[in-house]
Structure formats: C-alpha cells, structure tokens
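> A predicted structure for the sequence below; I have some questions about it.
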Amino acid sequence: MENEIFQLQYALDTFYFLVCGALVMWMAAGFSMLESGLVRAKNTTEILTKNIMLYAIACTMYMIVGYSIMYEGGIFLSGIMGDGVADEWTYAPSADFFFQVVFVATAMSIVSGAVAERMKLWSFAAFAVVLTGFIYPMQGAWTWGEQAVFGLFDLGEIGYADFAGSGIVHMAGAAAALAGVILLGPRKGKYGPNGEVRPIPGANLPLATLGTFILWMGWFGFNGGSVLATSTIVDANDVAIVFMNTNAAAAGGVIAALLVAKLLFGKADLTMILNGALAGLVAITAGPDTPAPLMATIIGAIGGIIVVFSIVMMDKFKLDDPVGAISVHGVVGIWGLLAVPLTNSDATFAAQIIGAVTIFAWVFITSFIVWSVIKMAMGLRVTEEEEYEGVDLAECGMEAYPEFTNNTK
C-alpha cells in the first residue's frame, strides 16, 4: 500500500513538473510575440528567427554540457546511441532536465530583445552557444546546484535565496544583454547629435500585448513549478500561494507603471504598462512563496515603478534596448532579490547582495569577453545599409509584412 501511494505521488509530482515546464517553454512564444511587436516591421522575421533558434541551441547545449556543469554527476552523454532501454538517469533527472532547460532558454531570450534590430544573426547564435552551455550553468551551479563559487564559498550556505530565479535567470540574462548592448552601440538615429532621445516605435502593439499575456500565463509554470511537487496537501497549498502571489505582483506592476507613465508623460503608455506587468512578475520570482497577497502586490508595484524610471535612465546613458529587457529583467531582478528578506526570515540582505554581485559580475564579465571575441572574429553589427533596409532581408532574405514594407521603413 505504501509503495502504491509513493508511486502515485511520484507520478503526480512528475506530471506537474513536466506540465509546468511546458508552460515555461510556452514563454518562448511570449518573448517572440513581445519582441516582434516592439521592433520595426523590417526587423520582424529576424527577431522571430533568433527566438526559435536560441531555444533549440539552449536545449542542445544544456543537454551536451550545461546540465553536467550545473548539477554534478548529471552526465547526459552517458549513452549517445542508446539501446532501447531507459538508462538509470532517465527517470529522475530527465524531468528535472526538461524543467531546467526551459529556464536556460528564458535567460537567452532576454538577450535577443536587447540587441534587436542591429546585431548579426550568426554572431548572436555563437553567443547563445556559450551562454547556454557554459556561462549560465556555472552561476547556476553556485546557486541551485549547491556548489561553491570557485571553491571559496557556497551561496546557499550564506543564506542567498532565489526561489525561481529573479537573479539566477532574469538578472543573469540582463547582465549578458548589457555587455552586448555596450559593445554593439545604439541603433542608427536613436539619439540625436545633442543627446536627445528619438523614439522608435514598434510595429505591432497587439502582438506585443499578446506576448505579455503569454508570458504572464507562462510565469505560473515558472514560479509554480519551482515548488517542485503538488501531491500532498502542503505542496498543493504552496503551489496555490505561489500562483496567487505571482498574479498579484503582475497586477501591481501594471497599475504602478500605468500611474507613473501618466504622471511622467501625461499618457497611458502601453509599452510601459506591458513592461510594468513583466517587472511585477520578475520582482516576485525570487520569493513568491512567502509574502501575503497584498505584500506581493506591493513588491510587484515597486517593480513597475522602477522599470519606468530605469527605461528612461537607460536612454540617458545611451544604452539602446528596444524592448526594455535590461530594465525589466536586470534592474527589477535586483529589486526582486532584495525584496526576499522582507518576508522570508531565512534570507538576509547581505546574502542577497553577495549573491547578486557574484552572479552579475560573473555573467557580465564573461559575456563581455565572449562578445568581444565574436566582434573581432566575425563582427557583431550589420552594415549601416543593412540596418537601414532592415535585417529581415539582410539576414533572412524575407520580410514579415511584404505588402506593407514600403510604408513602414
């Protein structure tokens, strides 16, 4: 009887784990729609190509080497050909691998939006290989993998807490994106000779809004799946709390960004509202299991406020991020980490700061080096003519909206 109960619990937990992983995978569609909606029509096909390409690269590189780095002993190349019989690792690590690999792809998706409209497709692909196969898994090993940072100290032992990845996934992706944006430079015409900011509106705000809703839905798998189980009353209640707080934080982010945009710009800026929703989600990701719903709403609202001011400040520093990814995932990701000790007595501000600095420094420095090598070897940026004509034709040889192209350049 006990064995049958165990098997049933195992089956339910594994099924829940896999379904949540599928929800996170669907966030790839959300990023694709969000980014394609916020870039110009002439760059749509290329950004879509990047998103499906990076997902495939992430899945493959994490299988070949990344998972083994992040979790000691997780060797997935133990049998390349296979013999028709499941190996001993198949049962437990395969579900965990699937859940983890979609997180890796999420981190890389953050990069694609920040470097949109002027980066070479194959340079981006080369970076995706290194980030998903090495850079991300290393910092993942120091956090979720419970390994010491270069053998010096264990972030978990000092009290660093990041439930579903405000720092491990989102800030890490933003750090990699920031390094690329610095080396890449802004889009042509984004900033005037006197430093004035020239808005470059996206081509399809309905798509961007759809992408945001898809990401909002996928986040329930992102955070809810990180409970890791649902077969007991305690686990089921924990999942319900995480779902509730995730939704509350996103709503708080929307309301706060809407109000701040109205105060600053006099209008209900939809792009800021969309980023406010995502900021609320990023903010709660580090600790959705401990706040009361109202506190989760406040944490998300503060994220929504931060993201609006951060996007404005990025332009003042001439850091051209077409979709606001660095602000949403990086700046607000830091806030999410710092918010954890407010409701979790096991976390400390000192540990959260040490963890954030460790992750950011590792990802930013290694990414800067990799981007620099790629720049010297094959270049990062398309030519000025290709950028003017649109990277769809230059990189993919086709247009997303061919009948409208002449009216949208």
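Sure thing, it's come through. Residues are numbered from 1 along each chain as shown.

> who's in contact with Leu18?
Each residue near Leu18 by Cβ atoms under 8 Å, 6 or more residues apart in numbering is listed here: 95, 98-99. Where you see a C-beta, it was placed from the backbone N, CA and C, and this is true even at glycine.

> right, I mislabeled it, should have said Ala28
Going by Cβ under 8 Å, 6+ apart, Ala28 touches 51-52, 55, 102, 105-106, 109.

> how close does it get to Val260?
Distance check for Ala28 against Val260: by Cβ to Cβ, to the nearest Å, it reads 29 Å.

> quick one, helices of the stretch 201-350 of the chain?
205-224, 233-265, 270-285, 293-316, 325, 332-339, 349-378 (DSSP state H, counting those that start in this stretch).

> look up phi and psi at Met119.
Met119 adopts backbone torsions of phi -100, psi 140, taken as degrees, to the nearest 10.

> list the contacts for it?
Applying Cβ under 8 Å, 6+ apart to Met119 gives the contacts 180, 184, 380-382.

> one more pass at 6 Å, please.
By Cβ atoms under 6 Å, 6 or more residues apart in numbering, the contact set of Met119 is Leu380.

> could you check how far it is from Leu207?
21 Å.

> the helix ranked longest in the chain: how far from the chain's middle?
Using DSSP state H to define each element, the chain has its longest helix at helix 2-38. The chain centre lies 16 Å from the centre of helix 2-38; the measure is Cα atoms, centre = their mean, to the nearest Å.

> by contact count, what packs against whichever helix or strand comes after that helix?
The helix or strand immediately downstream of helix 2-38 is helix 44-61, counting by DSSP states H and E. Helices and strands touching helix 44-61, by 3 or more Cβ pairs under 6 Å, 6 or more residues apart in numbering; DSSP states H and E, are helix 2-38, helix 91-114, helix 121-130.

> least trustworthy helix or strand in the protein by mean pLDDT?
The weakest-scoring helix or strand in the chain, judged by mean pLDDT, DSSP states H and E, is helix 405-408 (a mean of 50).

> okay, buried residues for stretch 102-117 please.
For stretch 102-117, burial by neighbour count (16 or more other Cβ atoms under 10 Å) applies to 102-117.

> go on, stretch 172-183?
Across stretch 172-183, burial judged by 16+ other Cβ under 10 Å covers 172-181, 183.

> got it, and stretch 296-316?
For stretch 296-316, the buried set under the neighbour-count rule, 16+ other Cβ under 10 Å, comprises 296-308, 310-311, 314-315.

> got it, and stretch 220-236?
Using 16+ other Cβ under 10 Å as the test for burial, stretch 220-236 gives 220-227, 229-231, 235.

> ends of it, how far apart?
When the termini of stretch 220-236 are compared using Cα to Cα, to the nearest Å, they are 14 Å apart.

> show residues contacting that stretch.
With Cβ under 6 Å, 6+ apart as the test, stretch 220-236 has contacts from 9, 12-13, 16, 20, 23-24, 163-164, 238-239, 242-243, 246, 285, 288.

> among those, the buried ones, what's the PyMOL command?
Buried residues within those, by 16+ other Cβ under 10 Å, are selected in PyMOL with:
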select buried, resi 12+13+16+20+23+24+163+164+238+239+242+243+246+285+288
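
> nearest to Leu264 among the contacts of stretch 220-236?
Here the nearest of the contacts of stretch 220-236 to Leu264, counting by Cβ to Cβ, is Thr285; it sits at 25.9 Å.

> from the buried residues of stretch 220-236, which is closest to Trp335?
Ranked by distance to Trp335 (Cβ to Cβ), the buried residues of stretch 220-236 are led by Asn223 at 16.2 Å.

> do you know how far the closest one is from Gly390?
Distance, Asn223 to Gly390, by Cβ to Cβ: 37 Å.

> low-confidence stretches in the stretch 251-400 of the chain?
For the stretch 251-400 of the chain, no stretch has pLDDT under 70.

> rewinding a little: which two of the buried residues of stretch 220-236 have the greatest separation?
Phe222 and Ser231 (20.1 Å).

> buried residues in stretch 281-298, which are they?
281-291, 295-298.

> that one spans what distance, first to last residue?
12 Å.

> who touches it?
Contacting residues not belonging to stretch 281-298 are listed as 162-166, 170, 219, 223, 242, 244-246, 248-250, 252, 299-300, 303, 329, 332-333, 335-337, 340, 343-344 [Cβ under 6 Å, 6+ apart].
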